[in-house]
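# Kindly return the folded structure for what I paste below:
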Amino acid sequence: MDTTGTRPPLKRTVGSNQVGMRQFNERIVLQAIRLHGPLPKADVGRLTRLSMQSVSMIVDRLIDDGLLEKQARVRGKIGQPSVPIALRADGAYTIGVKVGRRSLDVLAMDFAGRVVCRDVFEYAYPDPRTLFPALESRLARVNQTLGAKAGKVVGVGVAAPLWLGGWRDFLGAPPDALGAWHEIDLRSRIAGMTGLPVEFAKDTTAACAAELVMGQGRGIHNFLYLFVGTFIGGGLVIDGRLHGGPHDNAGAVGSIPLRDGSARKPARQLLHAASGFVLEQLLSDAGVPPAAAHDHRALSPDLWRHTEQWLDTACPAIANALTNAAALLDLEAVVIDGELDRQLVREIIRRTERVLDRFEWEGMVRPQLLEGTIGADARAMGGAILPLYAHFAPTHELFLKPAVDAVY
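Numbering: from 1, shown residues only. Prediction:
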């Protein structure tokens with residue numbers, strides 16, 4: 001989705017006309033249509049650099065396989081009327097599971113990237129003794145909702161923090177509640193429940209993947225992604241690729257130290273200032289349900305002074321983190337999203353911009369701040385994208401974006 005008002009440059013995903021490349025070329029065609037939306041065969045050929053004969057054969061085969069479909073003929077343009085080819089929504093399904101510090105989300109996504117059902121289980125902290133039974137029941141509900149289409153589910157994508165057993169004191173969990181996570185292989189447990197292939201990514205990396213594939217990432221190729229949930233975290237896209245790093249922890253902005261001028265005590269981290277949990281605590285101390293931090297109530301006149309207190313701390317801390325990231329990574333943009341009311345996300349961006357106005361930018365290029373487009377579902381949707389790309393993208397290296405070429 002392009003929110004800038006201009007169409008981003010077309011991105012070529014290049015195929016091969018060699019014999020024996022059938023599956024690769026099929027995935028190249030699917031990727032081109034996924035990135036650009038419905039396309040006539042001529043445009044598919046131009047973007048993939050496949051011959052028209054190859055494109056026609058591949059498209060017809062994918063239509064027969066139930067993964068593509070023809071749309072209504074488009075008239076009124078120069079030349080012959082064209083028939084756009086689109087992804088067939090019911091061609092395949094994936095399941096996304098977000099295991100968070102405050103909630104479990106389970107959703108099913110169709111082949112076109114639309115959420116067809118979603119279920120949520122909320123908790124004070126992720127205790128595996130209650131979480132796994134809840135997960136199993138919600139997976140069963142997804143299968144029940146899909147009915148006969150459950151046989152088209154190609155896999156499960158799991159989005160979760162890398163250290164679910166961490167920050168126990170910050171969450172106020174009992175001493176024995178989170179320790180079991182150190183011995184749990186979440187991916188294997190879910191594979192055992194479903195009998196399906198399971199892909200895994202850090203929760204905020206998965207959210208970044210959703211933004212890359214279905215949001216601002218369609219128009220920008222180098223950006224840092226921030227997601228404000230219970231904790232603040234992030235992801236990183238470099239040269240159009242989701243960059244995980246050697247430990248799958250790139251974009252861990254929540255752990256960036258804050259400058260407080262003291263050398264005698266450990267530096268606080270960005271998550272201690274800018275996480276949704278901090279706002280939850282402020283509201284809870286005022287006798288308000290913590291969940292109000294994540295919806296429109298946080299903007300109400302009665303609660304605004306608490307929300308503004310949080311913003312006054314969070315936005316300068318975010319701005320400091322972003323300047324360090326911009327100096328190191330030379331970013332085009334920073335995309336900010338969250339499990340918050342949309343107006344509050346915009347207020348974070350506005351106030352962070354105001355802090356950045358006071359910074360010295362000599363020797364750096366200031367990145368633009370953009371609002372994310374996915375919202376609260378980003379982590380679970382990103383999880384659902386993982387098996388979609390593992391099964392249907394041209395390469396198993398997730399989220400490889402094609403070279404950018406303007407097409408005239």
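# quick one, helices of the stretch 301-408 of the chain?
Here the stretch 301-408 of the chain has its helices, by DSSP state H, counting those that start in this stretch, at 304-329, 342-356, 378-392.
# Now render those as CSV, adding mean neighbour count and distance to Gly235.
In short, each C-beta sits where N, CA and C put it, glycine included. CSV is the format used below for the helices of the stretch 301-408 of the chain (neighbours: other C-beta atoms under 10 Å; distance: least, C-beta to C-beta, whole Å):
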stretch, mean neighbour count, distance to Gly235
helix 304-329, 18, 12
helix 342-356, 17, 16
helix 378-392, 27, 9
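# can you redo these as a markdown table with mean pLDDT and distance to Ala72?
Below are the helices of the stretch 301-408 of the chain laid out as a markdown table (pLDDT from 0 to 100; distance: least, C-beta to C-beta, whole Å):
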| stretch | mean pLDDT | distance to Ala72 |
| --- | --- | --- |
| helix 304-329 | 96 | 44 |
| helix 342-356 | 98 | 33 |
| helix 378-392 | 93 | 25 |
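# Compare those helices and report which one is nearest to Leu87.
Smallest distance to Leu87 across those (C-beta to C-beta): 9.5 Å, for helix 378-392.
# tell me how far the closest one is from the chain's mean position?
Its chain's C-alpha centre and that of helix 378-392 lie 9 Å apart, by C-alpha atoms, centre = their mean, to the nearest Å.
# next one: stretch 59-69
For stretch 59-69, the distance to the chain centre is 28 Å (C-alpha atoms, centre = their mean).
# Rounded mean pLDDT for that stretch, please.
Averaged over stretch 59-69, pLDDT sits at 96.
# okay, how far is it across that stretch, tip to tip?
End-to-end distance of stretch 59-69 (C-alpha to C-alpha, to the nearest Å): 9 Å.
# those strands in the stretch 101-250 of the chain, which residues are they?
Ranges of strands in the stretch 101-250 of the chain, per DSSP state E, counting those that start in this stretch, are 103-110, 115-122, 153-160, 198-202, 223-228, 232-238, 241-242.
# I'd like these written out as CSV, with mean pLDDT and distance to Glu211 added.
As requested, the strands of the stretch 101-250 of the chain are arranged in CSV below (pLDDT from 0 to 100; distance: least, C-beta to C-beta, whole Å):
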stretch, mean pLDDT, distance to Glu211
strand 103-110, 96, 15
strand 115-122, 95, 15
strand 153-160, 96, 13
strand 198-202, 94, 13
strand 223-228, 97, 6
strand 232-238, 95, 8
strand 241-242, 88, 10
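# Of all these, which one is nearest Val278?
Closest among these, once you apply C-beta to C-beta, is strand 232-238, at 9.3 Å.
# Leu370 contacts Ala333, doesn't it?
Yes - here Leu370 reaches Ala333: they are 5.2 Å apart, a contact under C-beta atoms under 8 Å.
# Which residue of these two possesses the greater neighbour count?
Between Leu370 and Ala333, counted using other C-beta atoms under 10 Å, Leu370 has the larger neighbour count: 22 against 19.
# Next, work out how far apart the more buried one and Leu226 are.
Counting by C-beta to C-beta, to the nearest Å, the gap from Leu370 to Leu226 is 10 Å.
# Name the residues contacting each of the two.
Shared contacts of Leu370 and Leu226 (C-beta atoms under 8 Å, 6 or more residues apart in numbering): 334-336.
# For PyMOL, write the selection for the buried entries among the residues you listed.
In PyMOL, this line selects whichever of those come out buried by 16 or more other C-beta atoms under 10 Å:
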select buried, resi 334+335+336
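# Tell me the one of the shared contacts of Leu370 and Leu226 nearest Gly155?
Taking C-beta to C-beta as the measure, Gly155 lies nearest Val335 of the shared contacts of Leu370 and Leu226, at 26.3 Å.
# The closest one is in contact with Ala207, isn't it?
No - look at Val335 against Ala207 with C-beta under 8 Å: they stay out of range, at 9.9 Å.
# show me what contacts Arg189?
Taking C-beta under 8 Å, 6+ apart, one finds Phe132 in contact with Arg189.
# Walk me through the domains of the protein.
Per automatic domain parsing, the structural domains of the chain span 22-87, 92-207+379-392, 216-373.
# Overlap of the contact sets of Val335 and Ala207?
Residues touching both Val335 and Ala207 by C-beta under 8 Å, 6+ apart: Tyr225.
# sorry, back to before: turn the helices of the stretch 301-408 of the chain into JSON lines, including distance to Gly251.
Formatted as JSON lines, those follow (distance: least, C-beta to C-beta, whole Å):
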{"stretch": "helix 304-329", "distance to Gly251": "9"}
{"stretch": "helix 342-356", "distance to Gly251": "17"}
{"stretch": "helix 378-392", "distance to Gly251": "12"}
